[in-house]
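Novice: just coords:
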């Protein structure tokens, strides 16, 4: 019974996600669903990405949080259009939440829309929102056991960004194991190692993003 | 419609949680529901806590993970009874999952049972499992904005353990803000700062835990 309800909800979500996909496609905007645990660096990566791409691409952002507007304010300071969704408790965005806020974004003027999901390594991976690609971030401070413990997001993501590599000397973390286990779950996943704090590795990520969007 | 289903599920969960509470109480075992984001240090804290308390208390552990047995194997090496629950996708433990595995634990011989929840800063706080107290961990690498962005777990927890303080010199993190915001959400929350890696601060946590259990 519980499964039946859950599957109905997922079916309904998929239909709305398809509607969103069509709207994005008609507007010519490429859409990323950006996911991670709390505090892995989604908003920091967005700040770096916007700084690096703002001259060549028109970028918009949807911020997903349970409550508050901190992240939208951070993005707003960079002068790009941003909408904040507060889920009011829900641990992930869904297609309908996105659908409802689309009129608040100048989609026809955008090349790239990044949807920053709620910080959660589990549920966001289960709900399509109409994105072209899912991209995930893992902070190395979370440890090297995460791919095998939370496999779905690694399986669903086109790219894995391993963030906070400036902390590597101070952690007992095996980054090669993260790579190996992520690739075992998803052999085509593209992996970047970078630090949003120092900027190391950010250029390679941005260069790849430009190839995706072209 | 969706809300109605969710509320029925929560009601059913609360009833089973009450059953669990009665079983724990009859067996004279104090139960902690341990929660955090992925990689904040739940299993590491458990290892330190078991090492510090094993001589004075009989401890048992229930490990909750989506998949795998890594954490149960870590605990098993310490010679305490442990049961692994694999949720198979679900992002939190619920009361029934706990109820089902209780016969596999020597409850009458235990003083303390720690239930390590799935790594998730959102959903575990919504589901009682029959615990005496909820205790949460936040790694300082997650950043100081977490209490206000994920308030429920801070509101529900009796204690907040701020872990990985050995990384403080290498992070732009305001630990005082974490404290202030956590206390604004939950004025009676007990806060510990510690490092499971260096052991700093672990003694104070263990001393407090002993007062709880006595």
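Specialist: In hand now; what should we look at? Predicted, not measured: the structure shown is a model, and the values here were computed from it. Residues are numbered from 1 along each chain as shown, chains lettered A, B, ... in the order given.

Novice: Kindly list the longest helix within chain A.
Specialist: Longest helix in chain A, counting residues (DSSP state H): helix A:2-27.

Novice: Could you list every helix and strand in contact with that helix?
Specialist: Counting by 3 or more Cβ pairs under 8 Å, 6 or more residues apart in numbering or on different chains; DSSP states H and E, the packing neighbours recorded for helix A:2-27 are helix A:95-101, helix B:2-27. Bear in mind the C-beta positions are built from the backbone N, C-alpha and C, glycine included.

Novice: Spell out the residue ranges of the helices in chain A.
Specialist: Going by DSSP H, chain A shows helices at A:2-27, A:42-53, A:70-76, A:95-101, A:146-149, A:151-156, A:175-185, A:202-213.

Novice: what's the spacing between residue A:124 and residue A:32?
Specialist: 13 Å (Cβ to Cβ, to the nearest Å).

Novice: More neighbours: those two, which one.
Specialist: Between residue A:124 and residue A:32, residue A:124 has the larger neighbour count (other Cβ atoms under 10 Å in any protein chain shown), namely 27 against 23.

Novice: got the helices and strands packed on helix A:2-27 as JSON lines, with mean pLDDT, distance to residue B:160 and mean neighbour count columns?
Specialist: Converted to JSON lines, the helices and strands packed on helix A:2-27 look like this (pLDDT from 0 to 100; distance: least, Cβ to Cβ, whole Å; neighbours: other Cβ atoms under 10 Å in any protein chain shown):
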{"stretch": "helix A:95-101", "mean pLDDT": "97", "distance to residue B:160": "29", "mean neighbour count": "18"}
{"stretch": "helix B:2-27", "mean pLDDT": "86", "distance to residue B:160": "22", "mean neighbour count": "14"}
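
Novice: could you dump these to a markdown table with distance to residue B:83?
Specialist: Below are the helices and strands packed on helix A:2-27 laid out as a markdown table (distance: least, Cβ to Cβ, whole Å):
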| stretch | distance to residue B:83 |
| --- | --- |
| helix A:95-101 | 37 |
| helix B:2-27 | 14 |
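
Novice: For the residue positioned nearest the centre of chain A, name its beta-bridge partners.
Specialist: The centroid of chain A falls nearest to residue A:34 when counting by Cα atoms, centre = their mean (0.3 Å). In this entry, residue A:34 is beta-bridged to residue A:116, residue A:135, by DSSP bridges.

Novice: residues from chain A in reach of chain B?
Specialist: A:2, A:5, A:9, A:37-39, A:65-68, A:70, A:89, A:91, A:118-123, A:126, A:139, A:141-143, A:145-146, A:148-152, A:164, A:166-167, A:170-172, A:197 (Cβ under 8 Å from any Cβ of the partner chain).

Novice: circling back: the residue nearest to the centre of chain A touches residue A:42, doesn't it?
Specialist: Yes. Applying Cβ atoms under 8 Å, one finds residue A:34 in contact with residue A:42, separated by 5.4 Å.

Novice: shared neighbours of these two, anything?
Specialist: Listed contacts common to residue A:34 and residue A:42 are A:116-117, A:137; contacts here mean Cβ atoms under 8 Å, 6 or more residues apart in numbering or on different chains.

Novice: need those residues in CSV with distance to residue A:192, can you?
Specialist: Shown next, in CSV, are these (distance: Cβ to Cβ, whole Å):
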residue, distance to residue A:192
A:116, 17
A:117, 18
A:137, 9
